[in-house]
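Undergrad: dropping a prediction and its sequence here:
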Amino acid sequence: MAQTFSLRRQEVVEKELHVVELKARWPALFTVDEINCEFQRITTVPLQPRFLVSLDKHHSKLIEIIRNKGGIVREKTRDILKVLDQP
């Protein structure tokens, strides 16, 4: 795993590949499990639980921001927000 990471990093840095090329060359790098593993390997912190805790902490403010938006955002989120308003 460590050798694979080194190879990927070397390829990304030295060859300056585009995202499309990276996805074709290293498809596993773009899976949720792989992203979580790499994040935890680098930071020693699990990504998904940390993200969900932060999302829970800030969800009311995010909903308020979405409610105050207009235009296409309001149209796309109207039905979702109606569900949240139900008791």
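TA: It's in. Numbering: from 1, shown residues only.

Undergrad: where do the helices of the chain begin and end?
TA: Listed from the start of the chain, the chain has helices (DSSP state H) covering 2-15, 19-25, 32-43, 47-68, 71-85.

Undergrad: report the separation between residue 24 and residue 63.
TA: Look at residue 24 and residue 63: by C-beta to C-beta, to the nearest Å, they are 38 Å apart. In this view, the C-beta of every residue, glycine as well, is placed from N, C-alpha and C.

Undergrad: burial of residue 51, as a residue count?
TA: Residue 51 has 12 neighbouring residues, counting by other C-beta atoms under 10 Å.

Undergrad: could you dump the helices of the chain into TSV and include mean pLDDT?
TA: Conversion of those to TSV gives the following (pLDDT from 0 to 100):
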stretch	mean pLDDT
helix 2-15	73
helix 19-25	82
helix 32-43	84
helix 47-68	89
helix 71-85	85
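
Undergrad: mind splitting this protein into its structural domains?
TA: 2-45, 49-85 (automatic domain parsing).

Undergrad: ok, residue 26 - contacts?
TA: Contact criterion C-beta atoms under 8 Å, 6 or more residues apart in numbering gives 8, 11 as the residues in contact with residue 26.

Undergrad: please repeat the previous calculation with a cut-off of 6 Å.
TA: Under the criterion of C-beta atoms under 6 Å, 6 or more residues apart in numbering, the contact partners of residue 26 comprise residue 8.

Undergrad: give me the more crowded residue out of residue 24 and residue 63.
TA: Comparing residue 24 with residue 63 by neighbour count (other C-beta under 10 Å), the higher total belongs to residue 63, at 14 against 10.

Undergrad: state the distance from the nearest residue to the more buried one once chain neighbours are set aside to residue 76.
TA: In this structure, residue 63 finds its nearest non-sequential neighbour in residue 84, 6.8 Å apart by C-beta to C-beta, 6 or more residues apart in numbering. Distance, residue 84 to residue 76, using C-beta to C-beta: 14 Å.
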